[in-house]
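Q: Give the three-dimensional model of this entry:
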Amino acid sequence: MLAAANRTPITCGPSDIVAVVVDRLRRAGRTVCVVVDPAGVVCGRMRLDRLEPSDDGPVEAVMEPGPTTIRADAPLDETLARMSARHVTSLLVTTPEGVLLGELRRTEDAAASPPPTE
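A: Sure thing, here's the model as predicted:
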């Protein structure tokens with residue numbers, strides 16, 4: 001599972017300023033930022049399409065708390081099938097303690113091709 005995940009999703013802290021994070025996302029061509037605490041534990045997710053980009057407030061005020069996560073040892077084929085059935089495009093991969101390991105994105109090619117090897 002982890003081999004198929006993006007191990008470097010864009011992250012920010014709950015107290016980071018929304019406008020600053022929005023600028024980082026746009027420069028990277030991304031639309032989602034994973035909100036993590038100082039220990040790397042997932043707190044939430046901030047999506048560009050669900051906020052006011054000029055917001056001067058903290059990310060914690062606009063983030064979606066408690067996003068669904070999966071473990072690194074979850075079977076890839078089963079996970080992709082569930083994601084497809086539920087129309088989910090991405091899931092966060094975490095340790096049992098909630099520490100972010102990466103982001104699994106479902107694409108049309110993901111189910112048809114094997115994950116890259118490490």
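
Q: Name the spans of the protein whose pLDDT lies under the cut-off.
A: Across the chain, the ranges flagged by pLDDT under 70 are 1-3, 52-54, 108-118.

Q: Please enumerate the helices of it.
A: Residue ranges of the helices in the chain, as given by DSSP state H, are 18-28, 76-85.

Q: Now tabulate those in CSV and tack on mean neighbour count and distance to residue 44.
A: C-beta coordinates here come from the backbone N, C-alpha and C atoms, glycine included. Putting these into CSV (neighbours: other CB atoms under 10 Å; distance: least, CB to CB, whole Å) gives the following:
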stretch, mean neighbour count, distance to residue 44
helix 18-28, 15, 12
helix 76-85, 15, 20
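
Q: among those helices, which is nearest residue 38?
A: Distance to residue 38, taken as CB to CB, is lowest for helix 18-28 among the helices of the chain, at 16.2 Å.

Q: list the helices and strands that closest one packs on?
A: Here helix 18-28 touches strand 32-36, going by 3 or more CB pairs under 8 Å, 6 or more residues apart in numbering; DSSP states H and E.

Q: partners of the strand it packs on, with directions?
A: Take DSSP bridges as the rule and strand 32-36 pairs in its sheet with strand 11-12 (parallel), strand 42-47 (antiparallel).

Q: List the buried residues for the last one?
A: Meaning strand 42-47. 42, 43, 44, 45, 46 (16 or more other CB atoms under 10 Å).
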